[in-house]
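J.: Got a predicted model here, sequence first, then my questions.
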Amino acid sequence: LKESGLVTRSPRRGTFVRRGKKTFRVAVLFGPSLTDENTYFYRALLKALRAEATIPGWQWVPYDWMNSVQTVTKLDASPTYRHFLADHDQQPYAGIIGIGVGDLQWERIQAQVPGMPSVRVGLQGDVELDYRHFGRTGAGYLAARGARNMVYLRTLSAAPVSDVEGVRQALALHPGISLRIVQLP
């Protein structure tokens, strides 16, 4: 980030975002479509990113549906991907964040914008999500509000089972709650 001119470093003081008149646009690529009902988590991540972006000159530009069938079979056939590249050509991004983007798609995106600062969030990414905390807080929230019968519809087929461990940890604090775990394909 320092070499790219995005931050300045000062010994014993810290690292600071460089202020200036330049606008730093960051592309945020989401694997699933944000319009799907089950993508609440991804929409919450985007909302949190926008809430944290209080630094003048920074913009978060979201692109979703990067894991669509079109993108998997032929990346260039995806309207979202073409839109992302066209926007990048007009005003290059300062960096890319990939959230839930598949391995194959991420490799192709990296090849299209070589050298761009980027980070991938999710399974086997640069940053792993804390699935145990997610499970614990979700189940704890429902138990505290009186839920007595829970069905956990688990869609994380490749994820470690830490999300299930988190759910069980939360329910251990609330005896008498029945739990059924259903693994969706």
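T.: Nice, I can see it. Numbers count the residues shown, from 1 in each chain.

J.: Now find how far off-centre stretch 133-149 is within its chain.
T.: Centroid separation between stretch 133-149 and its chain, computed with CA atoms, centre = their mean, to the nearest Å, is 23 Å.

J.: Follow the chain on from the one helix or strand in the chain whose mean pLDDT sits lowest and name the next helix or strand.
T.: Within the chain, no helix or strand scores below helix 69-73, which has a mean of 58 by mean pLDDT, DSSP states H and E. Toward the C-terminal end, the helix or strand that comes next after helix 69-73 (DSSP states H and E) is helix 79-90.

J.: end-to-end on stretch 148-164?
T.: Using CA to CA, to the nearest Å, the end-to-end distance of stretch 148-164 comes out at 17 Å.

J.: Mind checking the pLDDT average for stretch 163-173?
T.: What stretch 163-173 shows for mean pLDDT is 88.

J.: which residues touch it?
T.: 131-140, 143, 150, 152, 154, 156, 177, 179, 181 (CB atoms under 8 Å, 6 or more residues apart in numbering). Heads up, the C-betas are built off the backbone N, CA and C, glycines and all.

J.: shouldn't Ile181 be in contact with Met150?
T.: No. The criterion here is CB atoms under 8 Å, and Ile181 misses it with Met150 at 9.2 Å.
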